[in-house]
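Peer 1: everything below, folded, please.
(chains A and B)
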Amino acid sequence: AQSVTQLGSHVSVSEGALVLLRCNYSSSVPPYLFWYVQYPNQGLQLLLKYTTGATLVKGINGFEAEFKKSETSFHLTKPSAHMSDAAEYFCAPMNTGFQKLVFGTGTRLLVSP
Amino acid sequence: ETGVTQSPTHLIKTRGQQVTLRCSSQSGHNTVSWYQQALGQGPQFIFQYYREEENGRGNFPPRFSGLQFPNYSSELNVNALELDDSALYLCASSPRGGGYGYTFGSGTRLTVV
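Peer 2: From the prediction side, this is the model:
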């Protein structure tokens, strides 16, 4: 079964700094990989989606993620953090054979002025 | 287009009671999934419905049950509530399976006392 690991339960950056949130999936390549963002007391918003093909995926709000099969990783980046980026971020591969999302424990991004 | 709407937004129930949560899927979406998100955790898959049939279930006991209606809206029912059922319950919909990405509602916050 698919599994996912998000390294770092909390990541702190200064406004304007690079954002890097790490995600590693289990050894089998999932058909799809997603990054979702969750603001306090809200549901999940889709940031970006990987499907077979392109390795660099661009999403909303300036975020992008690079799929690296050799490293089983799908890290999320943003060149310059903004205060409004402070939220919880979830990496979620889709389970092979059945289309459910498998969520990690999430990474809380803190952005300081 | 309207997104996924869930009702109620908040609910307080007593241990042993039963609860029904409701979800209206996004227009054109025929697949609905339910997730449980405990405080500080990532969402956990409960089950999924496709065209009124349950087509996948996570590791939740039978007292968690659901329905999907002809208009693709859905209900989540939980019987014999336990304190550990306190969580944010998220509904997500997708067109023709999950490859297009799931659209999440804002959730129902259930507190069991």
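
Peer 1: from here on, contacts and neighbour counts on C-alpha atoms
Peer 2: Will do.

Peer 1: tell me which strands and helices the helix or strand where residue B:109 lies is in contact with?
Peer 2: In this structure, residue B:109 is located in strand B:108-112 according to DSSP states H and E. With contacts defined as 3 or more Cα pairs under 8 Å, 6 or more residues apart in numbering or on different chains; DSSP states H and E, the packing partners of strand B:108-112 are strand B:10-13, strand B:87-94.

Peer 1: pLDDT weak spots in chain A?
Peer 2: For chain A, the stretches flagged by pLDDT under 70 are A:27, A:96-98.

Peer 1: and it, which of its residues are near chain B?
Peer 2: A:32, A:34, A:41-46, A:49, A:90, A:94, A:98-106 (Cα under 8 Å from any Cα of the partner chain).

Peer 1: rerun at 10 Å
Peer 2: A:9, A:31-34, A:36, A:38, A:41-46, A:48-51, A:88-92, A:94-95, A:98-108 (Cα under 10 Å from any Cα of the partner chain).

Peer 1: check the model's average confidence along the strand holding residue B:109 for me.
Peer 2: In this model, strand B:108-112 carries a mean pLDDT of 97.

Peer 1: strands paired with it, and their directions?
Peer 2: strand B:10-13 (parallel), strand B:87-94 (antiparallel) (DSSP bridges).

Peer 1: SS state for residue B:99?
Peer 2: helix (DSSP: H, G, I helix; E, B strand; the rest coil).

Peer 1: for the residue lying closest to it once chain neighbours are set aside, give its distance to residue A:106.
Peer 2: In space, and not counting its chain neighbours, residue B:99 is closest to residue A:32: 6.7 Å by Cα to Cα, 6 or more residues apart in numbering or on different chains. Residue A:32 sits at a distance of 18 Å from residue A:106 (criterion: Cα to Cα, to the nearest Å).

Peer 1: pretty sure residue A:30 belongs to a strand, no?
Peer 2: No. Per three-state DSSP, residue A:30 lies outside any strand segment and is coil.

Peer 1: surely it and residue A:73 touch.
Peer 2: No. In this structure, residue A:30 is not within contact of residue A:73 by Cα atoms under 10 Å, at 11.3 Å.

Peer 1: check contacts around the nearest residue to residue A:17 once chain neighbours are set aside.
Peer 2: Excluding the flanking residues, the one nearest residue A:17 by Cα to Cα, 6+ apart is residue A:80, at 4.9 Å. Going by Cα atoms under 10 Å, 6 or more residues apart in numbering or on different chains, residue A:80 touches A:13, A:14, A:15, A:16, A:17, A:18, A:19, A:62, A:63.
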